[in-house]
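**Q** Model the following, please.
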Amino acid sequence: MPISSPASGVILLSHGSKDPVWRGNAERLLALVQQDRPQAAVACAYLDWCEPALGAALEQLVQQHPQLTQVTIWPLLFGVGKHARDDIPALVQRTAPQFPQMTLTIAPAMGEDDRVMQLLASMAAGYLQS
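**A** Predicted coordinates for the structure are as follows:
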C-alpha cells in the first residue's frame, strides 16, 4: 500500500552564515525530525549566506510532496528581534504568491516557546554546583 504525501509541512528557517560549519545544528535538527518521521515534509531554509532560501526550500517540498496545502515556517531564532518581527513576515508575504495552493504560517521564534525555555532552564541548572 503506497504511503500518501502529507498535507502539511515545516520549514526550519535559520539565519545563515558564511561559515559552513554553522549550518550543522539546523541540519542536525532536520535529520532528527526526518529520522522520527521519515515521510514528513520538512526542510531547512536560511535568511542569509546559505542555500536554500525560503522559496527554494518550499519549491523542493512541493516537488517531493505535491499534496502539500499548509507549511509552517519555524524561525530557529532565540529571540524576537528584527528578523523575527519584521524580516521573516515580509519574506513570507513576498514568497506566498509563488505558492497559491499553500497556506504559509509563521510559528513563534524558537526562543519564544515555553517548552524550549523550560528545557534550557533545566540544562542551565545542570551546570550549577550544589
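**Q** Helix or strand next in line after the least confident helix or strand in the chain by mean pLDDT, which one?
**A** Lowest by mean pLDDT, DSSP states H and E among the helices and strands of the chain is helix 82, with a mean of 87. Per DSSP states H and E, helix 82 leads on to helix 88-95 as the next helix or strand towards the C-terminus.
**Q** okay, whichever helix or strand comes after that following helix in CSV with CA atoms only?
**A** Sequence-wise, the next helix or strand downstream of helix 88-95 (DSSP H and E) is strand 103-106. This file holds the C-alpha atoms of strand 103-106, laid out as CSV (Å, rounded to 0.1, in the frame of the first residue of the first chain):
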residue,chain,number,x,y,z
THR,A,103,-1.2,28.4,3.3
LEU,A,104,2.1,29.6,4.8
THR,A,105,2.1,30.4,8.6
ILE,A,106,4.9,31.5,10.8
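**Q** which stretches of the chain have low pLDDT?
**A** Applying pLDDT under 70 to the chain picks out residues 1-4, 130.
**Q** need the helices for the protein, in chain order.
**A** 24-36, 54-64, 82, 88-95, 114-125 (DSSP state H).
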